[in-house]
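[1] Need coordinates for the following:
(one chain, ligands or ions: 1)
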Amino acid sequence: MNWYGRSLASAGLAALAGLGFLSAQAQAQAYPTRSITMIVPFAAGGPTDVIARIVTGHMAQTLGQSIIIENVVGAGGTTATTRASKAANDGYTLITGHMGTHAASVPLYPKLAYHPEKDFEPVGLLAGTPILILARKDFPPKDLKEFITYVKANESKVNAAHAGVGSVSNVSCELLNSILGVKPIGVPFNGTGPAMNALVGGQVDYMCDQIVNAVPQINGGTIKAYAVATAERNPSLPNVPTTAEAGLPAFQAQAWNAIFAPKGTPADVVAKLNAAIVKALDDENVRKRLLELGSVIPAAADRTPAALGTLVKNEIAKWTPVLKAVN
Ligand code: ASP
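    Numbers count the residues shown, from 1 in each chain. Prediction:
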């Protein structure tokens, strides 16, 4: 069948589905018959947006339909996640969430309008993202030890950029600040894409962010990185020490991004989407782009919907006491 025949067939299936002539099972088998909306809960150009675009670009080829990214910003990603939780559970509206929207937000927002476990079907993990301690390039401290001394001495003057309460940048810097015993001024943005622009422009002092956002800037010398908060150095930034090497072993943080569907999305639809994620993560070009940006590609056992469900449960359990203590 040529493209015209295929699109006529899809249009026919979509029309039948719309009229209620197709059983749920037949609809799931035909899925997807039209484009899919992927909500990204932060501004374009940040880590969540970049990872979502890299992986869904390949998923769209596998699924034979376009995946349209919609950036919906606000409240540390929880505005978009609330919207996604209420979307039709037919596989045509999905969200790329992360450690903030689907774990840390639970203890931070007592009135959160969704629950990551009860209101979503986990679809699949896209990437792990180590956290870096970053600063504007002319911030006086030269290394992490000097940074610690400087921030402690100037705590009421220095500021830290983040992507809203509950975002990864907010939560991981809250953890860092509590280890250091400081309370700098927080400067919220709609995502760490715009926050990174402010760091490059020298309007803010420091930031804790997912590596994907930072590698091009660090390598271009437009910002500086004091340390990566993981046990090993990252291959994309061989000269950036770990927090343990730089003198702050207590600060360990790695975030993640993953796709979720509204609760009740048919299992066959979730399975099709998950298979498309797995195929994307095995694609040489997708892997190259993710690895160049420092992300960690999930191992096979971590790519299933069930594994993502377990990750969400464990991350809520991990971050709840940490964030209550920080507060
Ligand atoms: N990395 C951001 C965060 O702090 C969000 C983003 O712009 O992707 O959660």
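[2] Tell me how many other residues surround the residue lying closest to K324 once chain neighbours are set aside.
    Take K324 and drop its neighbours on the chain: the residue closest to it by Cβ to Cβ, 6 or more residues apart in numbering is P107, 5.8 Å away. The C-beta positions use only the backbone N, C-alpha and C, and glycine is treated the same way. When neighbours are defined as other Cβ atoms under 10 Å, P107 has 19 of them.
[3] my read: P107 touches L323, true?
    Yes. With contact defined as Cβ atoms under 8 Å, P107 counts as touching L323 (4.7 Å).
[4] what residues are up against K318?
    A103 (Cβ atoms under 8 Å, 6 or more residues apart in numbering).
[5] change it to 10 Å
    By Cβ atoms under 10 Å, 6 or more residues apart in numbering, the residues touching K318 are 99, 103-104.
[6] Can the longest helix along the chain be said to contact the ligand?
    Longest helix in the chain by number of residues (criterion: DSSP state H): helix 305-326. No. Helix 305-326 is not in contact with the ligand by Cβ under 6 Å from any ligand atom; minimum separation 13.0 Å.
[7] quick one: buried residues of that helix?
    Buried residues in helix 305-326, counted by 16 or more other Cβ atoms under 10 Å: 305, 307-309, 311-312, 315-316, 319, 323, 326.
[8] how about the closest residue to the ligand within the stretch 1-150 of the chain, phi and psi?
    Residue nearest to the ligand within the stretch 1-150 of the chain: G46 (2.4 Å; Cβ to the nearest ligand atom). Main-chain torsions, G46, degrees, to the nearest 10: phi -90, psi 180.
[9] what's the neighbour count on it?
    30.
[10] again, but for A44
    16.
[11] Could you measure from it over to P194?
    9 Å (Cβ to Cβ, to the nearest Å).
[12] what sits in contact with each of these two?
    V73.
[13] right, and the residue of the stretch 1-150 of the chain closest to the ligand touches F189 too?
    Yes. Look at G46 against F189 with Cβ atoms under 10 Å: they come within range, at 8.8 Å.
[14] Break down the protein into its helices, ranges please.
    Going by DSSP H, the chain shows helices at 3-18, 24-30, 47-63, 78-85, 105-108, 144-153, 168-180, 192-200, 211-219, 243-246, 267-282, 284-292, 305-326.
[15] Could you dump those helices into a markdown table and include distance to L94 and mean pLDDT?
    Shown next, in a markdown table, are those (distance: least, Cβ to Cβ, whole Å; pLDDT from 0 to 100):
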| stretch | distance to L94 | mean pLDDT |
| --- | --- | --- |
| helix 3-18 | 18 | 44 |
| helix 24-30 | 15 | 70 |
| helix 47-63 | 9 | 98 |
| helix 78-85 | 7 | 97 |
| helix 105-108 | 18 | 94 |
| helix 144-153 | 38 | 98 |
| helix 168-180 | 19 | 95 |
| helix 192-200 | 20 | 97 |
| helix 211-219 | 20 | 95 |
| helix 243-246 | 34 | 98 |
| helix 267-282 | 7 | 98 |
| helix 284-292 | 18 | 98 |
| helix 305-326 | 13 | 94 |
